[in-house]
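A.B. asks: My questions concern the predicted model and sequence given below.
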Amino acid sequence: MAVYPNLREAEFVGLKFPVTNVVIKGGVRHADHEYAFQAGADVESLGRKPLEIEFQSLFCDSLLKYGTQLYPLTLGQLQRAFEKEERGSLLVPGLGTIRALCTDWTRNMSGKYMNGEMVSMQFIEVSANEFSTENLVQIQSTSFSDMALAFKQFQGRITSNPSIFDQIQDLADQVQAIMDAPGIAFAILEAKIEQLKKILERADSSLQELQDPENYDLSGSLRDLWYATKNLGETIFGITKITLFKPPVRMTLQQISYSIFGDSSKVSELLDLNPIEDVMDIAPGTPIKYFATGST
């Protein structure tokens, strides 16, 4: 049996499958206003275009990870979902989870694959307006959980700075615990997500192991977790309506609370939302997040 260790994994409506190639196409809608005798154009931005995702996938019965389930069973289930025009969660390697619809698919059977097929699939991102806030949080939470669990398997592979792995796991576990608790504490969650994102960025730039091409799987898993953390944070940020305050001069956190709210009652909330190292010395221009209408 062939092993194919370099294949990344995608998932649509709960069905997992390997991908040999991923293309992510994005863009910005715009209206160009051109005028006589004027070089260039006035470009009016009209928002982001829906993402377009293209997968090349090998479905065969010789992939050890999937056994005999991948082909033809999973492929048949995917095609039925496509034909029903199902719109569901699509896990894209290197991006995270989005809501999507498969618009085109092509099955290629040739002598190269005796017990399988090469399949091309094109997906388009579905507008988030079709779904409730609760669904959006659930989608990003599921993606985060999957990526955190995948990264956990690399324990012991990071030897140059093992403590950074422990910090990532600790913060990931805290984020997951908050998500699992009844009544999400959005203020604390958003702050933990921001801390996790920063330590993942530090790990990506400092870990010696990531310079070794043989650790491509570790590097890919780290970046997948970063994308999932980023997407979850953006979703939470949109829900909580967090506003930014930038101190005009060097201030204490208590002074900032007075500037925003008129008293010091929100100091603990500001600490939950912001990874502040020194509450007595906050530099001018430091972005301080707060709820415009109080806690959630």
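C.D. replies: The structure has been received and is ready for your questions.
A.B. asks: so who does the closest residue in space to Ala283 that isn't next to it in sequence touch?
C.D. replies: Once flanking residues are discounted, Ala283 sits nearest to Arg250: 6.1 Å by Cβ to Cβ, 6 or more residues apart in numbering. In short, each C-beta sits where N, CA and C put it, glycine included. Neighbouring residues of Arg250 by Cβ atoms under 8 Å, 6 or more residues apart in numbering: 281-284.
A.B. asks: same thing but 10 Å
C.D. replies: Residues in contact with Arg250, defined by Cβ atoms under 10 Å, 6 or more residues apart in numbering, are 280-284, 286.
A.B. asks: what's the answer for Arg29, then?
C.D. replies: By Cβ under 10 Å, 6+ apart, the contact set of Arg29 is 44-50.
A.B. asks: Filter these down to the buried ones.
C.D. replies: Buried members of these, counted by 16 or more other Cβ atoms under 10 Å: Pro50.
A.B. asks: so which of the contacts of Arg29 comes closest to Val175?
C.D. replies: Arg48 (25.8 Å; Cβ to Cβ).
A.B. asks: State the phi and psi torsions of that closest one.
C.D. replies: With angles defined as degrees, to the nearest 10, Arg48 shows backbone torsions of phi -70, psi 140.
A.B. asks: for Lys289, same thing?
C.D. replies: phi -90, psi 140.
A.B. asks: Over to Met109?
C.D. replies: Note on Met109: backbone dihedrals following degrees, to the nearest 10 are phi -100, psi 130.
A.B. asks: hang on, it packs against Glu117?
C.D. replies: Yes - judged on Cβ atoms under 10 Å, Met109 makes contact with Glu117 at a distance of 5.0 Å.
A.B. asks: of the two, who's got more company?
C.D. replies: Taking neighbours as other Cβ atoms under 10 Å, Met109 and Glu117 compare with Glu117 leading, 17 against 10.
A.B. asks: beta partners of the more buried one?
C.D. replies: Phe59 (DSSP bridges).
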